[in-house]
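Q: I need the structure of the sequence given here:
(one chain, ligands or ions: 1)
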Amino acid sequence: MSDPQTARPKDVGLPEHVLACLFDLDGVLTDTASVHASAWKKMFDSYLAERAQRLGEAFVPFEIATDYVKYVDGKRRQDGTRSFLASRGITLPEGDAADSPETESVNGLGTRKNNLVHEMIAKDGVTIFDGTFRYLEAAQAAGLRIAVVSSSANTAEVLRVTGLEKFVEARVDAQAAIAAGLNGKPAPDTFIEGARLLGVEPNQAAVFEDAIAGVEAGRSGHFGIVIGVDRVGHAAALSQHGADVVVTDLAQLIDNRA
Ligand SMILES: O=P(O)(O)OC[C@H]1O[C@@H](O)[C@H](O)[C@@H](O)[C@@H]1O
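A: Model (predicted):
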């Protein structure tokens, strides 16, 4: 349990009642939202092109600026797949986790995309944003507890290859959420679980999110503060959907504090 007497949340630009930080991973701590976005585009474009040809329809590509941000970003893999397909009026069978990448199912398309993510990470590694280490070190020094709450099934791997795992006291990822029967973002369940694991109430925790589904989860869970992290120029949408404050890098919270 964090000690309210010794925690100094002001040092990292957070309100005094905040005792813990719940960080999303992709797009907040690591530049992996862009990796996911490219993999989604590659997978959906190849699927949509093949489908259009088969059905004699026009091919309308997947757009990162609109389709990814609106339907996929921040959600669990299957939820993102289903949500984008629904926006195009396409319904596919769910299938299951064992589906091969060739299977025309929600899980099969998800596997195709996941294979691309693994190829990209193996080839190019993972980039960490400028302010990430500085902010995590400062948050730790300020006595704040730290959890990562991500929809990605690749969370543990990304934390390991980046060396960020040493900061993380609790992790709620796709596997943990599914095992515990928690709803994915935009439901607040996974952030509530992160707060619970750190021994704080939701209103004593700050949520850090770059995705619309994520700030919506922060708002509906009544957390202490929701910090929107805008890496792609969607600050207005983050504010509209639940961010109390929007920054373009975590270090701004230290540099611009009152
Ligand atoms: O396919 P994964 O690694 O389980 O990730 C699912 C989702 O995880 C989220 O963290 C990302 O914002 C999404 O872009 C991604 O699609």
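Q: which parts of the stretch 51-200 of the chain sit against the ligand?
A: Taking Cβ under 6 Å from any ligand atom as the criterion, the stretch 51-200 of the chain approaches the ligand at residues 72-74, 76-77, 80, 114, 117, 150-154, 174. All C-beta atoms are positioned from the backbone trio N, CA, C, and that covers glycine.
Q: swap the cut-off to 5 Å and go again
A: With Cβ under 5 Å from any ligand atom as the criterion, the stretch 51-200 of the chain meets the ligand at residues 74, 77, 150-154.
Q: want to throw those residues into CSV with secondary structure, pLDDT and neighbour count?
A: As requested, those are exported to CSV (DSSP: H, G, I helix; E, B strand; the rest coil; pLDDT from 0 to 100; neighbours: other Cβ atoms under 10 Å):
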residue, secondary structure, pLDDT, neighbour count
Gly74, coil, 95, 27
Arg77, helix, 97, 24
Ser150, coil, 98, 31
Ser151, coil, 97, 27
Ser152, coil, 98, 23
Ala153, coil, 97, 19
Asn154, coil, 97, 23
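Q: counting neighbours, what do you get for Glu63?
A: Using other Cβ atoms under 10 Å, Glu63 has 13 neighbouring residues.
Q: mind listing the strands for the stretch 151-258 of the chain?
A: For the stretch 151-258 of the chain, strands defined by DSSP state E, counting those that start in this stretch occupy the ranges 170-172, 205-209, 225-229, 245-247.
Q: where's the third one relative to the chain centroid, distance-wise?
A: So that's strand 225-229. How far strand 225-229 lies from its chain's middle: 13 Å, per Cα atoms, centre = their mean, to the nearest Å.
Q: which one is the residue nearest the centre of the chain nearest to, not counting chain neighbours?
A: Centroid-nearest residue in the chain, with Cα atoms, centre = their mean: Gly74, separated by 4.1 Å. Sequence neighbours aside, Ala211 is the residue nearest to Gly74 in space, at 2.6 Å (criterion: Cβ to Cβ, 6 or more residues apart in numbering).
Q: what's the most buried one of the strands of the stretch 151-258 of the chain?
A: Highest mean neighbour count among these (mean count of other Cβ atoms under 10 Å): strand 205-209, with a mean of 29.
Q: check contacts around the nearest residue to His36 once chain neighbours are set aside.
A: Leaving out its chain neighbours, the residue that sits closest to His36 by Cβ to Cβ, 6+ apart is Asp26, at 5.9 Å. For Asp26, the contacting residues are 32-33, 35-36, 150, 152, 158, 210, by Cβ atoms under 8 Å, 6 or more residues apart in numbering.
Q: residue ranges in this protein under the pLDDT threshold?
A: Applying pLDDT under 70 to the chain flags the ranges 1-7, 258.
Q: residues touching the most far-flung residue of it relative to its centre, list them.
A: Centroid-distance maximum for the chain: Gly56 at 36.1 Å, with Cα atoms, centre = their mean. Not one residue lies near Gly56 by Cβ under 8 Å, 6+ apart.
Q: did I read that right, Glu104 in a strand?
A: No - counting by DSSP: H, G, I helix; E, B strand; the rest coil, Glu104 is not found in a strand; it is coil.
Q: how deep is it tucked in, by neighbour count?
A: For Glu104, the count of nearby residues is 13 (other Cβ under 10 Å).
Q: ditto for Gly181
A: 7.
Q: over to Lys10?
A: Applying other Cβ under 10 Å, we find 13 residues neighbouring Lys10.
Q: tell me the secondary structure at it.
A: Secondary structure, three-state DSSP: Lys10 is helix.
Q: ok, now Asn107?
A: helix.
Q: hang on, it packs against Gln78?
A: Yes - Asn107 lies in contact with Gln78 (Cβ atoms under 8 Å); the separation is 6.5 Å.
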